[in-house]
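Trainee: Here is a sequence together with a model predicted from it:
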Amino acid sequence: MSFKAMLVEKSDDGFSRKITTRETDELPPGDVLIQVAYSSLNYKDALSATGNPGVTRNYPHTPGIDAAGTVISSSDNTFGAGDEVIVIGFDLGMNTSGGFGQQIRVPADWVVALPQGLDLQQSMVLGTAGFTAALCVHKLEAAGMTPDSGPVLVTGATGGVGSVAVMLLAKLGYEVTAVTGKAEQHDFLRQLGASTIIGRDEARAGADRPMLKETWGGAVDTVGGEILFNAVKGLKYGCSLAACGLVDSPAIPASVLPFILRNVNLLGVDSVQLPLAQKQRIWQKLATEWQLPELDALKRTLTLDSLSDAIDEILQGRMVGRGLLVHD
Ligand code: NDP
């Protein structure tokens, strides 16, 4: 069978991307062959599409760490033809041909049955970014965060993880402070539920001070660097920050002071290798008590033809909300 896909190729001049026709036989071996209806654009996809060796080592390659669609065939009894499924993380789109193609073939233990309460499109408006936002909130609540803890800081707030985190926290009754570098997107963030919005400069202020005023009942950080550790220094006693991203920097200018003086926690968040059973539980929550009916406010529809420009935008930090890739 033939299908359409983005293909990233490596040559002496660097990396280039094109939309092309591929064959099912070119896909890696695996238990479940899936007709992909939707994927989504994540920061990591942009890294894969531009040759970042930390994400993808072997080219030519079809990126796309997210995919939702219908099973064509399965050698594993858990799934049968026609089942609606979601695949995010593990090796999909990294060194395994990903959701920027209309077909994928993957091991059965990467595949989650679409939970009742979500449709395929909604699952990909969320995608890895939305799932990770939910995982951050889940870990913060497991560490004791409640709406009474105080305002929750969300950094990189107009991005994929950030925008879903703002929306979910607001829905759960938290007071949300959003950090953004996009002055023109304040209305968008208010619409998602942020009650206070601050600029990146304000979030970086005081980076040279050992501690900051106790302000935050929790924090979701997608950017790393000074902004992350300033947020840790501003946590209230016993509160936690969930760290999932590094768009500003993977380095943290840290000291032990907030940990030993304020009893705060720095929580690591990884959605990629999270065991399938835990992935299923988070998807189940997103389909039920954490369902976000206003997801359309985040959605920007992309096709294979418009994907390349959106990849450039996300690399430049200009993306707002979630890019949904619709396959025809
Ligand atoms: P996006 O590009 O959609 O969002 C990132 C946002 O960060 C931007 O929109 C921008 O928001 C802000 N930003 C960009 N550059 C800078 C900068 N230099 N300093 C401060 N803020 C900046 O990316 P995603 O939301 O998809 O991903 C965010 C991060 O989370 C990435 O590092 C990604 O790799 C990581 N991630 C990790 C996962 C995990 O499992 N741990 C899973 C998914 C993502 P604004 O203009 O509003 O400030």
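Mentor: Sure thing, it's come through.

Trainee: Contacts only, for the residue nearest in space to the middle of the chain.
Mentor: The centroid of the chain falls nearest to residue 129 when counting by CA atoms, centre = their mean (1.5 Å). For residue 129, the contacting residues are 40, 42-43, 159-161, 164, 322, by CB atoms under 8 Å, 6 or more residues apart in numbering. C-beta coordinates here come from the backbone N, C-alpha and C atoms, glycine included.

Trainee: Return the subset of these lying in strands.
Mentor: Among these, the residues falling in strands (DSSP state E) are 40, 322.

Trainee: what's the farthest-apart pair in the contacts of residue 129?
Mentor: Of all pairs drawn from the contacts of residue 129, the greatest distance, 13.5 Å, lies between 43 and 164 (CB to CB).

Trainee: What residues does the stretch 101-250 of the chain have near the ligand?
Mentor: Within the stretch 101-250 of the chain, the positions lying close to the ligand (CB under 6 Å from any ligand atom) are 128-129, 132, 156-162, 180-182, 200, 222-223, 227, 244-248.

Trainee: Can you name the residue of the stretch 51-200 of the chain nearest the ligand?
Mentor: residue 159 (1.9 Å; CB to the nearest ligand atom).

Trainee: burial measure for that residue, as a count.
Mentor: The number of residues packed near residue 159 is 28, by other CB atoms under 10 Å.

Trainee: Make sure it is actually in contact with residue 322.
Mentor: No: between residue 159 and residue 322 there is no contact under CB atoms under 8 Å: 9.1 Å.

Trainee: Can I have the buried ones of the residues of the stretch 101-250 of the chain next to the ligand as a PyMOL selection?
Mentor: If you want just the buried ones from those in PyMOL, going by 16 or more other CB atoms under 10 Å, the selection is:
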select buried, resi 128+129+132+156+157+158+159+160+161+162+180+181+182+200+222+223+227+244+245+246+247+248
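
Trainee: mind listing what whatever residue of the stretch 201-328 of the chain ends up closest to the ligand touches?
Mentor: Nearest to the ligand, among the residues of the stretch 201-328 of the chain, is residue 245, at 2.5 Å (CB to the nearest ligand atom). With contact taken as CB under 8 Å, 6+ apart, residue 245 is in contact with 43, 156, 161, 221-224.

Trainee: that older thread, what's near enough to touch the closest residue to the residue nearest to the centre of the chain other than its chain neighbours?
Mentor: Counting by CB to CB, 6 or more residues apart in numbering, residue 160 is the residue found nearest to residue 129 once chain neighbours are left out, at 3.0 Å. With contact set as CB under 8 Å, 6+ apart, residue 160 has these partners: 40-43, 127-130, 319, 321-323.
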